[in-house]
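S.K.: please find the sequence and the predicted model below.
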Amino acid sequence: MKIYEYRAKEIFSEEGITIPRSRMVKTAEDALQAAEEIGVPVAIKSQVLVGGRGKAGGIRFAKNPSEAYEVAQELLGMEIKGEKVNKLLVEEKLAIESEYYLSVALDRSARQALIMTSTEGGVDIEQVALQNPEKILKFHVNPLQEFLPYMARDMARKMGVNDPLIPSIGSYIFKLYTVFQIYDANLVEINPLVVTSNGIVAADAKLDVDDDSLYRQKKLAHLQEGSQDEFAYVELDGDIAVIGNGAGLTLSGMDMLHLYGGKPATFLDIGGGASQENIARALNLVISNPRVKVVFLNVLGGITRADDVARGIIDVMSQAKRMVPLVIRLTGTNEEEGQRLLNEAGVSFETSMEAAAQRAVEILDGIRNTK
């Protein structure tokens with residue numbers, strides 16, 4: 001379960017991580033009032049559960065309350081990767097002196113928590129990994145051993161931060177790991193952690209909690225806003241995105257890809273009753289992943305109607321900035337209407353999962369052979 005930034009910051013603050021003065025708003029009028037209360041200039045940040053909002057224009061700045069009102073009007077209602085912006089975080093604009101990256105993630109292959117830090121904060125960590133991998137420090141935490149504050153300080157020292165900052169940066173690493181443990185997280189991230197003249201502040205916050213832990217995370221269970229429109233999403237190391245309606249069907253699609261020599265880039269389960277909007281959002285999410293070269297959409301209509309799937313597909317294909325070949329297996333409830341819509345839009349489809357998986361691998365092989 002992904003947590004909105006404003007909620008994640010509240011949680012981080014409770015564990016001793018300093019956050020900017022801010023207020024969540026849902027109207028332009030409230031944004032104006034928040035800017036007056038916080039003091040300008042302010043940052044106005046779209047609250048969505050997808051990445052890349054900054055590049056999509058979802059983060060703006062305002063020099064005065066009236067400008068905050070105008071910016072809020074423009075941001076509310078816009079779509080970022082298929083997700084509609086319904087709330088904003090109005091936050092003090094920080095005078096940044098330097099930026100760092102901190103995260104703790106569950107490394108399933110190593111079966112350990114992985115702490116990652118870098119002096120290259122404020123940018124996509126994926127770009128740092130590609131261009132300057134030596135600037136990322138990684139440390140696995142043995143679950144059978146206690147992670148202690150001196151270990152966090154040692155990481156800060158190895159990062160290459162200035163000596164006076166080592167205790168403070170080390171403290172933030174330790175606190176972030178504490179959040180990771182307490183909340184059964186898959187990922188906790190601060191990017192950037194910024195140094196200002198008034199101290200160190202978490203300018204951003206990400207918290208992704210393991211769904212299977214919610215039975216004991218009573219404090220977080222009520223935060224599942226719009227849970228009927230959420231889906232399970234895991235990035236993998238292949239190049240064919242797999243989307244299905246139901247975990248079993250999605251896994252079957254992945255197995256079928258392996259059978260024909262393909263390798264999944266994602267596991268994305270849109271659930272049993274996904275809406276047209278959620279289909280579009282799921283497609284936009286995988287298309288935005290640069291590793292994905294082909295999308296394999298595997299839908300067996302039950303509660304999810306084939307015509308809703310078709311409309312979501314058509315919406316994305318008419319607006320997507322990055323075109324990725326799409327292979328569709330579509331059958332089940334309202335399949336005739338769904339297939340008719342795809343035919344009229346010139347979108348091909350299969351009714352067999354085997355045929356669709358094989359076709360996805362053939363398309364990928366064709367892309368590789370043309371390079």
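M.R.: Nice, thanks for sending it over.

S.K.: domain assignment for the chain?
M.R.: 21-92, 98-220, 227-369 (automatic domain parsing).

S.K.: switch those domains over to JSON lines; also include distance to I3 and mean neighbour count.
M.R.: Backbone N, C-alpha and C define where each C-beta goes, glycine included. Below are these laid out as JSON lines (distance: least, C-beta to C-beta, whole Å; neighbours: other C-beta atoms under 10 Å):
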{"stretch": "domain 21-92", "distance to I3": "8", "mean neighbour count": "19"}
{"stretch": "domain 98-220", "distance to I3": "4", "mean neighbour count": "17"}
{"stretch": "domain 227-369", "distance to I3": "12", "mean neighbour count": "19"}
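
S.K.: relative to E14, which of those is closest?
M.R.: domain 98-220 (8.9 Å; C-beta to C-beta).

S.K.: got the end-to-end distance for the closest one?
M.R.: Terminal residues of domain 98-220 are spaced 32 Å apart (C-alpha to C-alpha, to the nearest Å).

S.K.: centre of the chain to it, how far?
M.R.: Distance of domain 98-220 from the chain centroid (C-alpha atoms, centre = their mean, to the nearest Å) equals 17 Å.

S.K.: would JSON lines of the domains of the chain with distance to I11 be doable?
M.R.: Shown next, in JSON lines, are the domains of the chain (distance: least, C-beta to C-beta, whole Å):
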{"stretch": "domain 21-92", "distance to I11": "14"}
{"stretch": "domain 98-220", "distance to I11": "6"}
{"stretch": "domain 227-369", "distance to I11": "18"}
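
S.K.: can you put the ones you listed in CSV and add distance to R7 and mean pLDDT?
M.R.: What follows is these, written out as CSV (distance: least, C-beta to C-beta, whole Å; pLDDT from 0 to 100):
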stretch, distance to R7, mean pLDDT
domain 21-92, 9, 93
domain 98-220, 8, 92
domain 227-369, 14, 85
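
S.K.: the residue lying closest to R21 once chain neighbours are set aside bridge partners, please.
M.R.: Nearest residue to R21, sequence neighbours excluded (C-beta to C-beta, 6 or more residues apart in numbering): E92, at 4.7 Å. Beta-bridge partners recorded for E92 (DSSP bridges): V42.

S.K.: verify the contact between E92 and P20 for me.
M.R.: Yes: the criterion here is C-beta atoms under 8 Å, and E92 meets it with P20 at 4.8 Å.

S.K.: just the residues contacting stretch 314-326, thanks.
M.R.: Among residues not part of stretch 314-326, those counted as contacts by C-beta atoms under 8 Å, 6 or more residues apart in numbering are 82, 241, 276, 280, 283-284, 286-288, 292-295, 297, 313, 341-342, 345, 347, 363, 367.

S.K.: ends of that stretch, what's the gap?
M.R.: 11 Å.

S.K.: now do stretch 317-328
M.R.: 13 Å.

S.K.: so which residues of the stretch 201-350 of the chain form helices?
M.R.: 218-221, 247-259, 276-287, 306-319, 335-344 (DSSP state H, counting those that start in this stretch).

S.K.: what is the third one packed up against?
M.R.: Counting contacts by 3 or more C-beta pairs under 8 Å, 6 or more residues apart in numbering; DSSP states H and E, the secondary-structure elements packed against helix 276-287 are strand 240-244, strand 264-269, strand 294-301, helix 306-319.

S.K.: G366: what secondary structure?
M.R.: helix (DSSP: H, G, I helix; E, B strand; the rest coil).

S.K.: same check on R53?
M.R.: Under three-state DSSP, R53 falls in the coil class.

S.K.: so the residue nearest to L257 when sequence neighbours are not counted is in which element?
M.R.: Leaving aside its sequence neighbours, L257 sits nearest to A357 (C-beta to C-beta, 6+ apart; 5.1 Å). Take DSSP states H and E as the rule and A357 turns out to sit in helix 353-369.

S.K.: got the contact list for N64?
M.R.: N64 makes contacts with A35, V40, P41, as judged by C-beta under 8 Å, 6+ apart.

S.K.: for P192, same thing?
M.R.: Applying C-beta under 8 Å, 6+ apart to P192 gives the contacts I96, E99, Y100, Y101, G121, G122, A203, D204.

S.K.: just grab the bridge partners of I80 for me.
M.R.: Bridge pairing for I80 - DSSP bridges - gives E83.

S.K.: any idea how far it lies from K93?
M.R.: Look at I80 and K93: by C-beta to C-beta, to the nearest Å, they are 21 Å apart.

S.K.: quick one, what contacts the nearest residue to L165 once chain neighbours are set aside?
M.R.: Leaving aside its chain neighbours, L165 sits nearest to V195 (6.8 Å; criterion: C-beta to C-beta, 6+ apart). Shown in contact with V195 (C-beta under 8 Å, 6+ apart): I96, E97, S98, E99, Y100, L165.
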